[in-house]
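Q: Need a 3D model of the following:
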Amino acid sequence: MPEYNSHRFCTAPLLDWSDRHCRYLWRLLSKHARLYTEMVTTGAILHGDRERHLQFDAVEQPLALQLGGSDPQALAECARIAEGWGYSEINLNCGCPSNRVQSGRFGACLMADPDTVAAGLAAMRAAVTIPVTVKHRIGIDDMEDYAGLAHFVEAQAAVGINTFIVHARKAWLQGLSPKENREIPPLNYDLVYQLKKDYPDLQVVINGGIHSLEACQHHLQHVDGVMLGRAAYQNPSLLAQVDNQLFGEKEGPDATQVVEQILPYIERELGRGQRLNYITRHMLGLFQGLPGAKRFRRHISENAHRKGAGPEIVSEALALVTHAI
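A: Residues are numbered from 1 along each chain as shown. Just a heads-up that it's a prediction; the model follows:
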């Protein structure tokens with residue numbers, strides 16, 4: 001049986017967005033959100049700069065690594081490596097629809113081959129003691145709607161997978177770009193609800209088109225967890241309400257407190273050779289809807305990329321907001 005409530009609220013793996021600096025910021029806002037890395041391919045871990053792909057701050061926990069791949073041996077080896085690095089979970093990507101991913105035989109195209117997915121997940125489960133999960137679509141192309149989804153899930157449950165993160169849209173592998181695949185195929189939340197109803201012993205987490213905590217609360221009447229991506233990135237302060245509204249604890253810090261709390265992290269990362277704008281690009285939405293938000297964004301955008309830019313740029317930007325308030 002899965003550990004229920006472990007995935008009650010999750011942030012989505014966002015390629016080029018949910019890097020370790022972004023996740024550090026998110027963790028300051030919510031202590032209970034389960035965080036996911038960007039998708040990392042097995043090849044990148046086995047043959048690339050492992051530290052760059054796997055490094056994270058302990059503050060980010062609970063943290064899941066999302067893998068892209070289909071070869072069971074490679075997946076198992078990467079899972080072992082990730083467990084050694086201290087990750088809390090390994091998640092297999094079966095939802096990304098990009099052409100590059102299809103050519104590498106991973107992502108959403110794997111939904112057409114449930115047995116291959118099951119072999120990879122089984123190999124990972126045998127290699128590690130931490131949970132192994134899967135993120136997928138409700139279907140691809142002309143796959144039968146619910147029957148195809150149920151068949152895919154049953155194949156993975158048969159090898160011991162009990163947590164399914166379901167993006168409630170089909171992926172069309174031909175004719176739509178990855179961006180269009182996030183917006184054009186219609187959302188079908190009822191299919192995900194039905195999945196939970198028919199397989200009550202599985203933990204089902206819903207993803208796709210969720211923009212508010214009110215929507216999260218509605219979905220949680222039908223499934224075990226919710227996952228937000230772009231909404232959390234574009235308006236990070238939404239995360240400050242998660243612990244209170246979804247876990248019954250006090251709210252997280254406000255945006256001003258978050259900026260003050262992240263300054264020591266920025267100082268430390270700059271000392272390690274990081275560039276300021278690599279960190280601050282994730283902070284631009286912190287004051288969304290508040291007086292001075294535009295001046296905060298502009299000051300950081302115009303100055304953080306400059307050579308030698310330091311934490312004083314962030315402090316100056318913060319002063320523009322607090323003065324406006």
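
Q: make it CA atoms for all contacts and neighbour counts henceforth
A: Will do.

Q: which regions of the stretch 151-300 of the chain lie under the pLDDT threshold?
A: By pLDDT under 70, the stretch 151-300 of the chain contains no weakly predicted segment.

Q: Now Leu246: closest residue in space, sequence neighbours ignored.
A: Counting by CA to CA, 6 or more residues apart in numbering, Gln217 is the residue found nearest to Leu246 once chain neighbours are left out, at 7.3 Å.

Q: no no, Gly69
A: Phe106 (4.9 Å).

Q: Surely the one you found is in contact with Leu67?
A: No - counting by CA atoms under 8 Å, Leu67 is not a contact partner of Phe106; they are 9.3 Å apart.

Q: Find residues that contact each of those two.
A: Common contact partners of Phe106 and Leu67 (CA atoms under 8 Å, 6 or more residues apart in numbering): Asn93.

Q: where exactly do the strands run in the stretch 51-200 of the chain?
A: If DSSP state E, counting those that start in this stretch is used as the criterion, the strands of the stretch 51-200 of the chain fall at 63-68, 89-94, 132-140, 163-171.

Q: For Glu316, which of these is the nearest?
A: Proximity to Glu316 (CA to CA) singles out strand 63-68 among the strands of the stretch 51-200 of the chain, at 31.7 Å.

Q: which residues sit against the longest helix belonging to the chain?
A: Counting residues, the longest helix found in the chain (DSSP state H) is helix 255-271. If you take CA under 8 Å, 6+ apart as the criterion, helix 255-271 is touched by 25, 28-29, 237, 276, 279, 286-287, 310-311, 314, 318, 322.

Q: Just the buried ones from the residues you listed?
A: Buried subset of the contacts of helix 255-271 (neighbour count, 16 or more other CA atoms under 10 Å): Leu25, Leu28, Leu29, Ser237, Leu276, Ile279, Leu286, Phe287, Gly310, Pro311, Val314, Leu318.

Q: how about these in JSON lines, adding secondary structure?
A: What follows is those, written out as JSON lines (DSSP: H, G, I helix; E, B strand; the rest coil):
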{"residue": "Leu25", "secondary structure": "helix"}
{"residue": "Leu28", "secondary structure": "helix"}
{"residue": "Leu29", "secondary structure": "helix"}
{"residue": "Ser237", "secondary structure": "helix"}
{"residue": "Leu276", "secondary structure": "helix"}
{"residue": "Ile279", "secondary structure": "helix"}
{"residue": "Leu286", "secondary structure": "coil"}
{"residue": "Phe287", "secondary structure": "coil"}
{"residue": "Gly310", "secondary structure": "coil"}
{"residue": "Pro311", "secondary structure": "coil"}
{"residue": "Val314", "secondary structure": "helix"}
{"residue": "Leu318", "secondary structure": "helix"}
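
Q: close enough to count as contact, Gly160 and Ala123?
A: No - using CA under 8 Å, Gly160 is not in contact with Ala123, being 10.9 Å away.

Q: quick one: which of those two has more around it?
A: Between Gly160 and Ala123, Ala123 has the larger neighbour count (other CA atoms under 10 Å), namely 20 against 16.

Q: For the stretch 1-150 of the chain, give me the ranges with low pLDDT.
A: Low-confidence segments of the stretch 1-150 of the chain, defined by pLDDT under 70: 1-5, 98-104.

Q: Which residue is most remote from the mean position of this protein?
A: Farthest-out residue of the chain from its mean C-alpha position, per CA atoms, centre = their mean: His323, at 34.0 Å.

Q: Does that residue lie in a helix or a strand, and which?
A: Element membership for His323 (DSSP states H and E) is helix 312-324.

Q: which among the buried ones among the contacts of helix 255-271 gets closest to Pro114?
A: Nearest to Pro114 among those, counting by CA to CA, is Leu25 at 36.0 Å.

Q: which residue packs closest to that closest one, ignoring adjacent ones?
A: Excluding the flanking residues, the one nearest Leu25 by CA to CA, 6+ apart is Ile262, at 7.2 Å.

Q: Now do the one you found: how many residues are near it, please.
A: Using other CA under 10 Å, Ile262 has 18 neighbouring residues.

Q: And the contacts of the strand or helix carrying the residue nearest to Leu246?
A: Per DSSP H and E: Gln217 is located in helix 213-219. Applying CA under 8 Å, 6+ apart, the contact partners of helix 213-219 are Ile206, Ile210, Gly225, Val226, Leu238, Val242, Gln245, Leu246.

Q: The third one touches Lys196, doesn't it?
A: Pointing back at Gly225 there. No - the pair Gly225 / Lys196 is not scored as a contact, 10.8 Å apart, by CA under 8 Å.

Q: Spit out the residues that contact these two alike.
A: By CA under 8 Å, 6+ apart, the residues touching both Gly225 and Lys196 are Gln203, Val204.

Q: Specify which residue of the two has the higher count of neighbours.
A: Gly225 (25 against 19).
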